[in-house]
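J.: Next comes the sequence, and after it the predicted model I'd like to discuss.
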Amino acid sequence: MTTEYIRSVLGIFGKSPFRPLHTHAETSGKAVKKVSEALIAYCDCDYERVNVLVEEVSELEHDADKIKQSIRKSLTGSIMLPVNVNDLLLFLKPQDSIADHAQASAYWLIARQGKIPDEVRESIMELMDLVLATIDAYEILVDALADLLEMSFSKREVEDAMALVIKVGLQEHLADVADSHAKMVIFKHESELGGAGVYHLIELVNKISGIADSADSAADRLRSMLYRR
Amino acid sequence: MIPFDPIIFAVLIAGLYMAWNIGANDLANAMGTSVGSGALNIKQVIILAGTLELLGAVFFGSHVTKTIANGIVPIDTIIQSNPHIVVLGALSAILAAGFWITFATFYHLPVSTTHSIVGAMLGFGLASVTYGFISITSIKWVVLMKIVASWIISPILGGILAFIIFSIIRYFLQRSEFPVKFERTFGYLQIASAGYVAFAHGSNDVGNAVGPLSTALSALNLIDNGQTPTWILIVGGVGIVIGLATWGTRVIKTIGCGITELTPTRGFSAEFATATIVILHSYSSLPISTTHVLVGSVIGVGLAGGLASVDLSMIGKIFVSWVITVPVTALTSAIIFMGLMGAGI
């Protein structure tokens, strides 16, 4: 195309960061779902499948990283967006750590093998489900960004988005509750699990909860981005 | 009786090349925004733009053509000493502008045909001063200053108007129950605004191609001095339309594919603002760059929060390109003129 005999106004249209932002959130969401599948396989002692899934999480995290870098690269000093560029970058960072935490959880999962008592398994799976629900709520929020752009940030759309931010926060709170419950259950089974087993699971719970925390703080940043425009 | 000068054919051919280039690039750029938003397909754009461009050129193109033909250089004074010199000057100007546009297009520089031809006519005028045909003070500097000022002001006006138009549209868009239907309605309105842009473009840009031809013809008394007969405007308009229909389709496709964020409401705002500002300048006989006004208008829509991303580095590129264009085309035109004089043509 560069060799064509053309003078054009195309240069005035910058590359929109909003579509890749959406893809980035989606990719991170996929990584979290893989973590949940890996956790189920781990509880079933199907370590071969766990390894395959962990590898997939790692690939998704790498994809998300590449998208993040391309977004950063497209936001040069001359780009004008309908939102503050710095706010957008501040929101991209916690969104990116969703995938980072997913990967950290996956790697930590395969660091140690061991049988998990049913009650512990149930409490960790409950936490995982609530983290997934938080991520789902977050993805709906990111979807709403497209409508916001289309409507050029109407009051109504902004209010809708704010309601979604609150929903993410609510889900994250439920995940927090499940986090402390899971830890209680793990300690309850400390003699059965042994010191190393307890440490592995407590740290696993921390890492899984970190996923929801990232989604919550990304939603929070998104709120400031919308308020400050 | 002034003898017939065969060099007039060279001026005509160079003018047609310029017209072709204007149609293939500038008009296609302005029309590409309509294809980008999906309001029209390429065939419809060619027919609509071709028709309205020609109408704009024929019915409204004489003002700017006159400015380029004899608004900058005191042609009458030179004609009195030797009409042949004026024909050579017109040829030098149109060749210099044509060369620069070709070069700029090849290297994808956002150069304006308007700036090129104004610089080239000035170059001929300055060369005439060095030969002593006219005095330096007889060059119409006030007109030139007005033209240069309009180059800065017109994109800003385009931006302000587009900002206002889109803000008004946004007010209704945000209150509409069915935003998708709202956008679709603007798809139809955008067909009208695209036609409006083509008409405005024809009225302002036809002079870039046929201004020098008009100068040469009046020197040979083939047309009344200071007049622009309709047939000249038709020749220029047809040349522009041929450019659009041939190479322009490729340019439209490139632009249309590249612009994905410009929905009908945004496209309409930018186009309506551009056309209005360009028409006002045509009415005031001021030659301006439609492309630069369009860029200003797009920025206006962006400032009103209508676009996902606007790259402001284009402003710097445009500024640099026009600061370079005027001296380069003036110098080239003067060199060609002196060369032709020196060769005894």
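T.: In hand now; what should we look at? Residues are numbered from 1 along each chain as shown, chains lettered A, B, ... in the order given.
J.: Please identify the helix or strand for the residue most central in space within chain A.
T.: Centrality entry for chain A: nearest residue to the mean C-alpha point is residue A:98, 2.9 Å, by C-alpha atoms, centre = their mean. Using DSSP states H and E, residue A:98 sits within helix A:85-109.
J.: So that helix, near chain B or not?
T.: No. Figure legend: helix A:85-109 not in contact with chain B (C-beta under 8 Å from any C-beta of the partner chain); closest approach 9.9 Å. No exception for glycine: its C-beta is placed from N, CA and C like everyone else's.
J.: now the angle from whatever helix or strand comes next after that helix to helix A:85-109?
T.: From helix A:85-109 onward toward the C-terminus, using DSSP H and E, the following helix or strand is helix A:118-150. Following axes from the mean of the first three to the mean of the last three C-alpha atoms, to 10 degrees, one obtains 160 degrees for the angle between helix A:118-150 and helix A:85-109.
J.: Quick check: pLDDT value at the residue in chain B sticking out farthest from the centre.
T.: Residue distances from the centre of chain B (C-alpha atoms, centre = their mean) peak at residue B:177, which lies 40.8 Å from the mean C-alpha position. You'll see residue B:177 listed with a pLDDT of 84.
J.: That one falls within a helix, correct?
T.: No. Using DSSP: H, G, I helix; E, B strand; the rest coil, the assignment for residue B:177 is coil, not a helix.
J.: Would you mind listing the residues in contact with it?
T.: Residue B:177 makes contact with no residue under the criterion C-beta atoms under 8 Å, 6 or more residues apart in numbering or on different chains.
J.: could you check the distance from it over to residue B:163?
T.: 26 Å (C-beta to C-beta, to the nearest Å).
J.: picking that back up, list the helices and strands the helix holding residue A:98 packs on?
T.: Secondary-structure packing of helix A:85-109 (3 or more C-beta pairs under 8 Å, 6 or more residues apart in numbering or on different chains; DSSP states H and E): helix A:18-43, helix A:47-74, helix A:190-228.
J.: Contacts for stretch B:231-248, please.
T.: A:5, B:12, B:15-16, B:18-25, B:27-28, B:31, B:46, B:49-50, B:53-54, B:56-58, B:61-62, B:65, B:202, B:205-207, B:209-210, B:213-214, B:217, B:223.
J.: Turn the helices and strands packed on helix A:85-109 into a markdown table, columns for mean pLDDT and distance to chain B.
T.: Listed next are these as a markdown table, based on pLDDT from 0 to 100; distance: least, C-beta to the nearest C-beta, whole Å:
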| stretch | mean pLDDT | distance to chain B |
| --- | --- | --- |
| helix A:18-43 | 96 | 5 |
| helix A:47-74 | 96 | 8 |
| helix A:190-228 | 95 | 12 |
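J.: Spell out which residues of the stretch 101-250 of chain B are next to chain A.
T.: Going by C-beta under 8 Å from any C-beta, the residues of the stretch 101-250 of chain B near chain A are B:104-106, B:108-111, B:170, B:173-174, B:179, B:247, B:250.
J.: name the helices or strands packed onto whichever strand or helix holds residue B:100?
T.: Under the criterion of DSSP H and E, residue B:100 resides in helix B:83-106. In terms of contacts (3+ C-beta pairs under 8 Å, 6+ apart), helix B:83-106 is packed against helix B:7-21, helix B:75-81, helix B:113-131, helix B:179-219, helix B:313-342.
J.: and residue A:63, which of these is closest to it?
T.: Between residue A:63 and the helices and strands packed on helix B:83-106, the tightest spacing by C-beta to C-beta is seen for helix B:313-342, at 29.1 Å.
J.: Could I get the buried residue list for that closest one?
T.: Using 16 or more other C-beta atoms under 10 Å in any protein chain shown as the test for burial, helix B:313-342 gives B:314-315, B:317-318, B:321-322, B:324-326, B:328-334, B:336-337, B:340-341.
J.: one step back: name only those of the contacts of stretch B:231-248 that count as buried.
T.: Neighbour-count burial within the contacts of stretch B:231-248 applies to B:12, B:15-16, B:18-25, B:27-28, B:31, B:46, B:49-50, B:53-54, B:56-58, B:61-62, B:65, B:202, B:205-207, B:209-210, B:213-214, B:217, B:223; the criterion is 16+ other C-beta under 10 Å.
J.: and residue B:42, what does it touch?
T.: Counting by C-beta under 8 Å, 6+ apart, residue B:42 touches B:35, B:249, B:252, B:253, B:256.
J.: quick one on the thing from earlier: buried residues, the helix holding residue B:100. List them.
T.: B:83-101, B:104-105.
J.: Using PDB, write down the CA coordinates of it.
T.: The C-alpha atoms that make up helix B:83-106 are tabulated as PDB, following Å, rounded to 0.1, in the frame of the first residue of the first chain:
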ATOM      1  CA  PRO B  83       1.400  38.200 -24.300                       C
ATOM      2  CA  HIS B  84       3.700  35.300 -25.100                       C
ATOM      3  CA  ILE B  85       5.500  35.800 -21.800                       C
ATOM      4  CA  VAL B  86       2.200  35.300 -20.000                       C
ATOM      5  CA  VAL B  87       1.600  32.000 -21.800                       C
ATOM      6  CA  LEU B  88       5.100  30.800 -20.800                       C
ATOM      7  CA  GLY B  89       4.400  31.900 -17.200                       C
ATOM      8  CA  ALA B  90       1.200  30.000 -17.100                       C
ATOM      9  CA  LEU B  91       2.900  26.900 -18.500                       C
ATOM     10  CA  SER B  92       5.700  27.300 -15.900                       C
ATOM     11  CA  ALA B  93       3.300  27.600 -13.100                       C
ATOM     12  CA  ILE B  94       1.100  24.600 -14.000                       C
ATOM     13  CA  LEU B  95       4.200  22.500 -14.700                       C
ATOM     14  CA  ALA B  96       5.800  23.400 -11.400                       C
ATOM     15  CA  ALA B  97       2.600  22.700  -9.400                       C
ATOM     16  CA  GLY B  98       2.100  19.400 -11.300                       C
ATOM     17  CA  PHE B  99       5.700  18.300 -10.700                       C
ATOM     18  CA  TRP B 100       5.500  19.000  -6.900                       C
ATOM     19  CA  ILE B 101       2.100  17.300  -6.600                       C
ATOM     20  CA  THR B 102       3.500  14.200  -8.400                       C
ATOM     21  CA  PHE B 103       6.500  14.200  -6.100                       C
ATOM     22  CA  ALA B 104       4.500  14.700  -3.000                       C
ATOM     23  CA  THR B 105       1.900  12.100  -3.900                       C
ATOM     24  CA  PHE B 106       4.700   9.600  -4.600                       C
END
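J.: Great, nothing more from me.
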